[in-house]
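A.B. asks: 3D, please:
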Amino acid sequence: MGKAISKREQKKRLYRSAILDAAVTLFAQKGVHETSIADIMASANLGLGTFYNYFGSKEEILMELLKNIVEDIEARLSLLRQEKRETAVVLEDLLLYTAELLSKNRFVMPLFLRAAEHAAAPSMPPEQAAAKPDRPSAPAFKEIFNTITDEGQKSGEFRSDIPSGVITELFHSLFQAAAFSTLGLRFEENIRLKVRIIIDGMKAK
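C.D. replies: Next up, the predicted model:
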């Protein structure tokens, strides 16, 4: 049997969840910049000082929400693998699922796009990391898609003349292109059309 959760721990989880739920609602309604920490705590029916027991800034809330999206994507990937789908089908499904999640949570889009920059940047030296202990780390979106692309290349389903990392960067850039597109297409539809072209070009002939 699992260890029983204390009332104190239950209260902490309840407060953290209330803060996140309030932030999601307000970010969607007003935007991140227009929403203050005071707004969030008022909506959560909690005192302003309580916020700093759980988060250091609004960006930390956004990073938490982004990590939740990563967990959803990983759960989807696990399900698809259990169904023994072809790698191309898994990859397309996961990219479209990511588009769906980002469409519902557009306020995390800037942080999602920045995650690619963090992933591509050299690791921060230990002395710099120690000087910035509160700097949130970027969720590993690119690693998820890079792993799937690698698997497809090793199995012979995908062409192997292009490094998987280059392909993965291209996938990430799709979301940026769709987010700033002026074509008049829905975000998810824009992604779907672009993904189809790229995956068709990836398949081994």
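A.B. asks: give me the low-pLDDT residue ranges for the protein?
C.D. replies: Judged by pLDDT under 70, the chain has its weakly predicted residues at 1-4, 115-139.
A.B. asks: mind giving me the domain ranges of it?
C.D. replies: 1-55, 59-202 (automatic domain parsing).
A.B. asks: Run the chain-centre distance for the last one.
C.D. replies: Its chain's C-alpha centre lies 7 Å from the corresponding centre of domain 59-202 when counted by CA atoms, centre = their mean, to the nearest Å.
A.B. asks: State the helix or strand in which residue 77 lies.
C.D. replies: Assigned by DSSP states H and E, residue 77 belongs to helix 58-82.
A.B. asks: mind listing what's buried in that helix?
C.D. replies: Buried residues in helix 58-82, defined by neighbour count with 16 or more other CB atoms under 10 Å: 58, 61-66, 68-70, 73, 76-77, 80. In this view, the C-beta of every residue, glycine as well, is placed from N, C-alpha and C.
A.B. asks: Check which helices and strands the helix or strand just after that helix sits against.
C.D. replies: Using DSSP H and E, the helix or strand that follows helix 58-82 in sequence is helix 87-104. With contacts defined as 3 or more CB pairs under 8 Å, 6 or more residues apart in numbering; DSSP states H and E, helix 87-104 has these neighbours: helix 58-82, helix 141-155, helix 164-179, helix 187-202.
A.B. asks: want to throw those into CSV with distance to residue 13?
C.D. replies: What follows is the helices and strands packed on helix 87-104, written out as CSV (distance: least, CB to CB, whole Å):
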stretch, distance to residue 13
helix 58-82, 13
helix 141-155, 26
helix 164-179, 31
helix 187-202, 32
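A.B. asks: count of residues packed around the nearest residue to residue 165 once chain neighbours are set aside?
C.D. replies: Leaving out its chain neighbours, the residue that sits closest to residue 165 by CB to CB, 6 or more residues apart in numbering is residue 146, at 6.2 Å. Using other CB atoms under 10 Å, residue 146 has 20 neighbouring residues.
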